[in-house]
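K.L.:
Give me a model of this one.
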Amino acid sequence: MLCRGVDAMGSARAAAVAAWTVLLLYSCGSSLASITYQLREEQPPNTLVGSLAADQGLPDTGHLYKLEVGGPYLRVDGKTGDIYTTDVPIDRETLKDCRNLFEGDPCFLEFEVSITDLMKGSGPRLIEGRIEIQDENDNTPQFPSPILELAIPENTYVGAHYSIPVAMDKDAGSNGIADYKLNSGSDAMNLFSLQVADNTDEKVPQLIVLGNLDREQRDTYDLSIKVIDGGTPPRYSSALLRITITDTNDNVPKFERSHYEGEMAENTPVGQSVLQVKANDDDLGANGQVTYSFHQPSPNVQRLLHIDHNTGIIQVKGSVDREEVPLLKFSVQARDNGPQAKSSKAMVTITVKDRNDNAPSIRIRGFGLVAHEDGIANVSEDMPVGTPVALVEVSDKDEGENAVVTCVVAGDVPFQLRSASASDSTSKRKYFLQTTTPLDYERIKEYRIEIVAVDSGNPALSSTNSLKVQVTDMNDNAPVFSPSLYEVDFAEENQPGDKVLDVVATDADSGTNAELLYSIITDSATKGLFDINPNTGEVRVMNQLDREYKERYEFHVEAADKGVPSLKGTATVVVRVLDRNDNDPKFMLNGYSFSVLENMPPLSPVGMVTVIDADKGENAHVQLSVEPENGKFVIQNGTGTILSSISFDREKESTYTFRLKAVDGGDPPRSSYVGITINVLDENDNAPYVTKPSNSSYKFLQPLTSPDTRVEKVDAEDIDTGLNAELVYSITGGNPHGLFRISSTDGEITLAKEFTRKHNGLHRLVVKVSDKGKPSRHTTALVHIFVNETISNVTLVESLVGHSLYTSLDMDIAGDPSYERVQNSNIVYGSLAGIAGVILVIVVVVVIRHRWQKETKSGYQAGKKETKDLYTPKQGPKSNKSKKGKKGKAPKPAKPLEEDEEASLQKGLKFNLMNDSVGDSPRIHLPLNYPPGSPDLGRHYRSNSPLPSIQLQPQSPSASKKHQAVQDLPATNTFVGTGDNNSTGSDQYSDYSYKANPPKYSTKQFATPSSDLLHSQSGAGPAGPLAAQLLRQRSGGVGDAEQ
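P.N.:
Numbers count the residues shown, from 1 in each chain. The predicted structure follows:
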């Protein structure tokens, strides 16, 4: 096939290109079109250039648009055919085809788009188009130098014009140079101005002289000149215009011709002359000597040409290639050598003539849906006849006959070339390489196609290019598994990566269509658990399987061939996980803690445990046992119930700990342990016991003691726990006047109100200590308080305390019960006491002191009736008066006691002095054995006293029921004198017995005041030094407890 073309260069320059012009041409059975768009340069990415679908009248669906030529500046939407700009900006000044354009020449960017009708299956069509790139004002005009020098003679006349070097602007048209402005300053404002002259193709700035110049006055002027282009917004730059005032040179060199034209062949040798320019100057000497130079030459002129400065001969300087630079157009300047040099310019045009120095170029590329890779095109055997498999582009850089190219397909192959070009250009043609007969993969699998192109030059040049076409097989058979269901048993506790099974599929196709790739269709249950070798179909498990987690896995495997499109087949795989004894029996808790009541009968259930085994069958059958086997607990295997073999006593042992062992029936068996803690809960089976004060101790208080004073504190303990050990204190007797109160929580006794005179004497508080158990248990303690100004007679106080221990708890011992009657007697006999006088008082005192000394030595005699109240000391001065007034009147006798009661008291108490060492204080020990039914106040009491004791030895096995107060006290329970000013103990006793008072205080009065009685003992007898010693000592006692 022969393709010819003509030179379209001249016509392209002269034609006026209209925006959005569409030219449609149809030939050779394919729709071919040429279209022209307009686009301004430097547009942002994704700017719409034009819509091929709309311009061609095609629907925007069912067609595939592909950009063949036009990258990297353009891209095409494959569905709509819309052409957009890309991230690579389109710069008119840098485009290869627009670099050497002259003023007014349009700049075009060519593109090609193929259109394939996907619905009809017809061959693709080729659209050729071009985009006229319109200029944008994106370049700033620049002067050739930042400093422009201009020489002006000093005798220049006013109005003279001097040309200023013009600025250059890469933009064209309206975006080119539009104006110049001069800033002369105040010193040169009246000497110079600027005029812009319009030349044929440019603006020429001229300096106008406005005044007389005198070089002797000033020889230089520095002005600022500004050049502005016509863009919107305009761009501008400035330069320094330096004017030098010189002597006169008044003739300008003149060229013989204003326009010189010449030709030179491409590949002209370097140094060969092309043409000569010549200018004449009428001046003489240096002012008439002319020098030639290029005026603002382009880079191509500077690279290819050289001008002789003296002769004006233009010579070849570099290698000339018409295909690169077909035309050179420039200006030559002639300048004289006068002091005020003058110059002129002439235009020179040199045309480069073509030589056949370029062989045709053949470019083979993919087209439409047929892609090429490494010179190979893959074509399916079912491709219709006439389908293009490639686009062949043939071009020749030469021109004229040298560019007329003939191209053919060499050899006997079922392919041919069909014209695909819409233009008449002979230098660049496009062809479709298409099939001529059906292809058969089974007969010929590939073709080597060679294309030859020959130009018409003399001598002719040729070139060849080849394409390898591979015929691909059709994939029409899907893989098949046999069987379609795989079932396999697989034991748990496997190693990751163990093989499970092999799956196999077959494909009836051949080649790559029969090559299979295996894969697992994953779901959420098996994702990442199984893996298949894509080539062999071997299935492996990637994790360790656990039957206790899941017993059955089901998934699908897939075999896909490598055909295009790929066909697939599937099969189902079922994996049944077999059990192994890999789980220990597991108790539901890490440890068990049970609470049981004490005193439960043996073989009572104390708790239940639950144990599970995640295995199956015999591996999950569990037996329980107790470790260690101490006989205290047993376990029921069927229920997991723990039974006690003993009855619990929390006070003996409150916590039991042991282990349970669980063993499964696996081979080998597995076991586990769990700790058991049995906490014995408390029952209220213990009464409180008082640790202090002792029942036989006492506290001394003066009558002036202020209320809220701390008197004593009852301390008690309970060996039970919880509420059974929380204690409550209360006063149940011995506080008829409400003188004392006790804290219910800590047992602290304080004075509630002030004492009066009737409160002097011994007070016995009966304190009840109860726990909060249900039912509650309690004990009783006695707290003795002696109220008086002094405590000189310690023996008397101790005898009163000892007497109170055998006084019934129902009887209140609270100070002086006969105080009011004594006061009345004092009033009656007051006058008589005054008459008695001092003599009678002295006699009475002597008698009383003698009597007290006698009693102190002998002690209280068994069986002797007491005629005075031992619990209350009498007041000194008032007692004297009272006694004096009663001298003539017999005292009222006390109610006699029954003989058996007196005998019982005499036998029940006996004081023995037991001195352990010198200086030790005595302790009083009460009888150990008493008849049944007596208040057991001594139980659970302990003695904390470090002092030696005086034991009370029982002489009779029983005491009178009327006087049962404190009886069953153990030997460790003591009555202790502390030795301080609050509580004292007796220093020594003779053997004597107490007699109990009547239920109420005796009305029998002493004749001698109680204060005298106390003082009478302080200085006589062996008890005086020991009592003083006891005042300096402290001791603690243990109270009594009652069940």
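K.L.:
residues contacting Leu765?
P.N.:
Ile731, Gly733, Gly734, Asn735, Phe740, Ile742, Ile749, Leu782, Val783, His784, Ile785 (CB atoms under 8 Å, 6 or more residues apart in numbering). Where you see a C-beta, it was placed from the backbone N, CA and C, and this is true even at glycine.
K.L.:
Grab the nearest non-local neighbour of the fourth one.
P.N.:
In other words, Asn735. In this structure, Asn735 finds its nearest non-sequential neighbour in Leu765, 5.8 Å apart by CB to CB, 6 or more residues apart in numbering.
K.L.:
Quickly find the element holding the one you found.
P.N.:
Per DSSP states H and E, Leu765 falls inside strand 761-771.
K.L.:
what's the following helix or strand after that strand?
P.N.:
For strand 761-771, the following helix or strand on the C-terminal side (DSSP H and E) is strand 778-787.
K.L.:
Could you tell me which other helices and strands the helix or strand just after that following strand packs against?
P.N.:
The helix or strand immediately downstream of strand 778-787 is helix 794-804, counting by DSSP H and E. Contacts defined by 3 or more CB pairs under 8 Å, 6 or more residues apart in numbering; DSSP states H and E place helix 794-804 against strand 698-701, strand 761-771, strand 778-787, strand 974-975, helix 1010-1018, helix 1023-1031.
K.L.:
Beyond helix 794-804, next helix or strand please.
P.N.:
Downstream of helix 794-804 (by DSSP H and E), the next one is strand 813-814.
K.L.:
any idea how far that following strand is from the chain center?
P.N.:
Its chain's C-alpha centre and that of strand 813-814 lie 77 Å apart, by CA atoms, centre = their mean, to the nearest Å.
K.L.:
hmm, back to that, which members of the contacts of Leu765 define the maximum pairwise distance?
P.N.:
Ile742 and His784 (14.6 Å; CB to CB).
K.L.:
if you count what's nearby, which of these two comes out ahead?
P.N.:
Between Ile742 and His784, counted using other CB atoms under 10 Å, the more crowded position is His784 (27 against 23).
K.L.:
who touches that one in this structure?
P.N.:
Contacts of His784 by CB under 8 Å, 6+ apart are Ser696, Ser697, Tyr698, Lys699, Leu762, His763, Arg764, Leu765, Val801, Ser804.
K.L.:
quick one: which of those residues is nearest Arg75?
P.N.:
Using CB to CB, the contacts of His784 come closest to Arg75 at Leu765, 112.2 Å.
K.L.:
Let's see the pLDDT reported for that closest one.
P.N.:
At Leu765, the model reports a pLDDT of 95.
K.L.:
how much space is there between it and Thr750?
P.N.:
12 Å (CB to CB, to the nearest Å).
K.L.:
ok, which pair from the contacts of His784 is furthest apart?
P.N.:
Ser696 and His763 (15.0 Å).
K.L.:
ok, the two, which is more surrounded?
P.N.:
Remark: of Ser696 and His763, Ser696 carries more neighbours, 31 against 28, as counted by other CB under 10 Å.
K.L.:
how does this structure divide up, domain by domain?
P.N.:
35-134, 147-246, 254-353, 361-472, 480-578, 586-681, 689-804 (the TED database).
K.L.:
Contacts only, for Val680.
P.N.:
Ser595, Val596, Leu597, Glu598, Phe648, Asp649, Arg650, Glu653, Ser654, Thr655, Tyr656.
K.L.:
For the second one, list the residues it contacts.
P.N.:
If you count contacts by CB under 8 Å, 6+ apart, Val596 has them with Ser604, Val606, Gly607, Ser644, Phe648, Ile678, Asn679, Val680, Leu681.
K.L.:
Alpha carbons of the helix or strand hosting it, as PDB, please.
P.N.:
Using DSSP H and E, Val596 maps to strand 591-597. This file holds the C-alpha atoms of strand 591-597, laid out as PDB (Å, rounded to 0.1, in the frame of the first residue of the first chain):
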ATOM      1  CA  GLY A 591     -11.100 -22.300  96.200                       C
ATOM      2  CA  TYR A 592     -14.100 -23.100  98.300                       C
ATOM      3  CA  SER A 593     -15.000 -21.600 101.700                       C
ATOM      4  CA  PHE A 594     -17.900 -22.900 103.700                       C
ATOM      5  CA  SER A 595     -19.300 -21.700 107.000                       C
ATOM      6  CA  VAL A 596     -21.000 -24.100 109.500                       C
ATOM      7  CA  LEU A 597     -22.400 -23.700 112.900                       C
END
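K.L.:
Quick one: mean pLDDT over it.
P.N.:
93.
K.L.:
Just the endpoints, please. Distance across stretch 467-487?
P.N.:
The stretch stretch 467-487 measures 53 Å between its terminal residues, going by CA to CA, to the nearest Å.
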